[in-house]
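Asker: how would this look folded up:
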Amino acid sequence: MIQINRRIISFLIVILFGLLIYLVAWSSLFTVSGIQIVGTDQQSIRTASGISIGEKLARVEPRAVARELKKPLWVKEATVSRNWLTGKVTIEITPRTPIGIFKGHYIDKSGTIFDIPGVSQLALPVVEGLSTADGLAAIALFTQLPADFRSKVRMVSAMNVDRFQLTIEEGKRTVSLMWGSDSEMDVKIKVFEALIALKENSKISTVDVSAPHAPIVK
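Answerer: Numbers count the residues shown, from 1 in each chain. Down below sits the predicted model:
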C-alpha cells in the first residue's frame, strides 16, 4: 500500500510539473503585458530588446536581452527583469555620461568614445589628441580653468598628456595659445590677458606661455 501511494504521489508530481511547464511556457496566462524602460527615452531600446507584447514571458531571457542592449557603446549597463504577477518586463538602462567631444564623438571618463542617437551636440569641451588619454588630459585641463577664462576656450588640443594648445576666442579674433604643461595655470592666464590687452599686440595670432616668465607672441 505504501509503495502504491508513493507511485501515485510520484505520478501526481510529474503531472503537476508538466502542468506548471505548460502554464509557464505555453499558456496565455504568463505573457508580456507591458514593457517599461527606465533610464533613457531612447525608443530604439524597445526595438533592440526584441521583446513584444503578448510574447510568452518564459521565453524572455533577461541576461541575453541585457547583452544585446549593451552592444551600443552609449549604453554602460543594462538590466532586464520580469514580473510574473503582472507580466511586465522592466528594462533599466544606465547610459554613459559624456564629459567632452573628442574627434567629433562623445567621450566619457573611462575613455570610451561613443555617439548618442538622435541627440544634438551637447555643450561640452571640444578636445583633440592622438589618443583617448590625451583627450581625457585635455578635458581635465579645461575643467580646471576659471569659469570666465574657460568661456573663451573653443578647443583644447593635447600633443601629449603634458603639452597643450588652447584655441581662444578673443573678441572678433581667434588666438592660438601655446599652453605647455598644466602647471602655473594662474600665472599663464595673467600673462596671456596682459599681453592680449596691449595695443601693439592687436594683430597677434599666437601666444606662447609654456614658459610664462618668458612668453612669446607672433
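
Asker: ranges for the helices of this structure?
Answerer: Remark: helices assigned in the chain by DSSP state H are 2-25, 44-49, 62-69, 132-144, 147-150, 185-197.

Asker: Find the least confident helix or strand in this structure, judged by mean pLDDT.
Answerer: When each helix and strand of the chain is scored by mean pLDDT, DSSP states H and E, helix 2-25 comes last, with a mean of 54.

Asker: how does this protein divide up, domain by domain?
Answerer: The record's domain parsing of the chain by automatic domain parsing lists 2-95, 100-217.

Asker: And the longest one, end to end?
Answerer: Spelled out, that is domain 100-217. Using C-alpha to C-alpha, to the nearest Å, one end of domain 100-217 lies 29 Å from the other.

Asker: So that it lines up with my notes, have the first residue be 124 from now on.
Answerer: Fine by me, first position is 124 from now on; the one you just mentioned is domain 223-340.

Asker: Please work out the average pLDDT along it.
Answerer: In this model, domain 223-340 has a mean pLDDT of 92.

Asker: who touches the residue nearest to the spatial centre of the chain in this structure?
Answerer: Nearest to the geometric centre of the chain sits Arg219, at 2.1 Å (C-alpha atoms, centre = their mean). The contact partners of Arg219, taken as C-beta atoms under 8 Å, 6 or more residues apart in numbering, are 196-199, 229, 231, 233, 235, 237. No exception for glycine: its C-beta is placed from N, CA and C like everyone else's.

Asker: cutoff 7 Å now
Answerer: For Arg219, the contact set (C-beta atoms under 7 Å, 6 or more residues apart in numbering) comprises 197, 199, 231, 235, 237.

Asker: cool, and Leu196?
Answerer: 235, 237.

Asker: run the last query once more with 10 Å
Answerer: By C-beta atoms under 10 Å, 6 or more residues apart in numbering, Leu196 lies in contact with 219, 228-229, 231, 235-239.

Asker: Return the distance of it relative to Leu321.
Answerer: Distance of Leu196 to Leu321, computed by C-beta to C-beta, to the nearest Å: 47 Å.

Asker: before we move on, back to that, can I get the contacts of Arg219 in CSV with distance to Gly173 and neighbour count?
Answerer: Below are the contacts of Arg219 laid out as CSV (distance: C-beta to C-beta, whole Å; neighbours: other C-beta atoms under 10 Å):
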residue, distance to Gly173, neighbour count
Trp197, 19, 18
Lys199, 20, 16
Asp231, 27, 20
Thr235, 24, 15
Phe237, 22, 16
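
Asker: For Gln267, state which of those is nearest.
Answerer: Asp231 (18.4 Å; C-beta to C-beta).

Asker: Next, the contact list for the closest one, please.
Answerer: Contacts of Asp231 by C-beta under 10 Å, 6+ apart are 196-197, 199, 218-223, 225, 237, 255, 259.

Asker: Compute the first-to-last residue distance for stretch 214-224.
Answerer: End-to-end for stretch 214-224, by C-alpha to C-alpha: 28 Å.

Asker: meant to ask about stretch 332-341, not that
Answerer: 12 Å.

Asker: So which bits of that stretch are buried?
Answerer: Buried residues in stretch 332-341, counting neighbours by 16 or more other C-beta atoms under 10 Å, are found at 332-333, 335, 338, 340.
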